[in-house]
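>>> show me the folded form of this:
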Amino acid sequence: MGDMRDLFKAHREHKQERHQLKYSENTERVFDHFGPEGMHWQWNSDKTAMMFREKGKPKVDFFPHTGRWKVGGPKQEVLSGGAGKFQLWYEKQ
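Below you'll find the model as predicted:
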């Protein structure tokens, strides 16, 4: 029974490390492209989402730890693909 517990613990730790790496990479890429907080975006209260609120563009929340973004408005949708695809998508809006 202890072996299964060790496997699940190792899996959980690996998943947390992967999420932290993804968070760091996506956050850095958004910083490099859109500039520091306050120019085109703001963090939400617990720093899990970058909120983009530019006039003339849709309201978007980008989640760096998953690489997904949620588009607000009358037709809400969730898209994915990481920071690179988000940048391309947001520039076209």
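>>> longest helix in this structure, please.
In the chain, with assignment by DSSP state H, the single longest helix is helix 2-34.
>>> which strands border the helix or strand just after that helix, and is each parallel or antiparallel?
Where DSSP states H and E defines the elements, the next helix or strand beyond helix 2-34 is strand 41-43. Using DSSP bridges, the strands paired with strand 41-43 are strand 50-52 (antiparallel).
>>> so which bits of the strand it pairs with are buried?
50, 52 (16 or more other C-beta atoms under 10 Å). For glycine as for every other residue, the C-beta is placed from the backbone atoms N, C-alpha and C.
>>> note down every partner strand of the very next helix or strand once past it and its orientation.
Once strand 50-52 ends, the next helix or strand along the chain (criterion: DSSP H and E) is strand 60-63. Applying DSSP bridges, strand 60-63 is found paired with strand 50-52 (antiparallel), strand 68-71 (antiparallel).
>>> average pLDDT for the longest helix of the chain?
The predicted model assigns helix 2-34 a mean pLDDT of 90.
>>> other SSEs contacting that helix?
Helix 2-34 is packed against strand 50-52, helix 82-92, with contacts defined by 3 or more C-beta pairs under 8 Å, 6 or more residues apart in numbering; DSSP states H and E.
>>> which of the ones you listed is buried the deepest?
Mean neighbour count, computed with mean count of other C-beta atoms under 10 Å, is highest for strand 50-52 among those, reaching a mean of 20.
>>> ok, residue 65 touching residue 23?
Yes. Between residue 65 and residue 23 there is a contact under C-beta atoms under 8 Å: 4.2 Å.
>>> sorry, back to before: so which of the helices and strands packed on helix 2-34 is nearest residue 32?
helix 82-92 (9.1 Å; C-beta to C-beta).
>>> what angle separates the closest one from helix 2-34?
In terms of direction (axes from the mean of the first three to the mean of the last three C-alpha atoms, to 10 degrees), helix 82-92 departs from helix 2-34 by 30 degrees.
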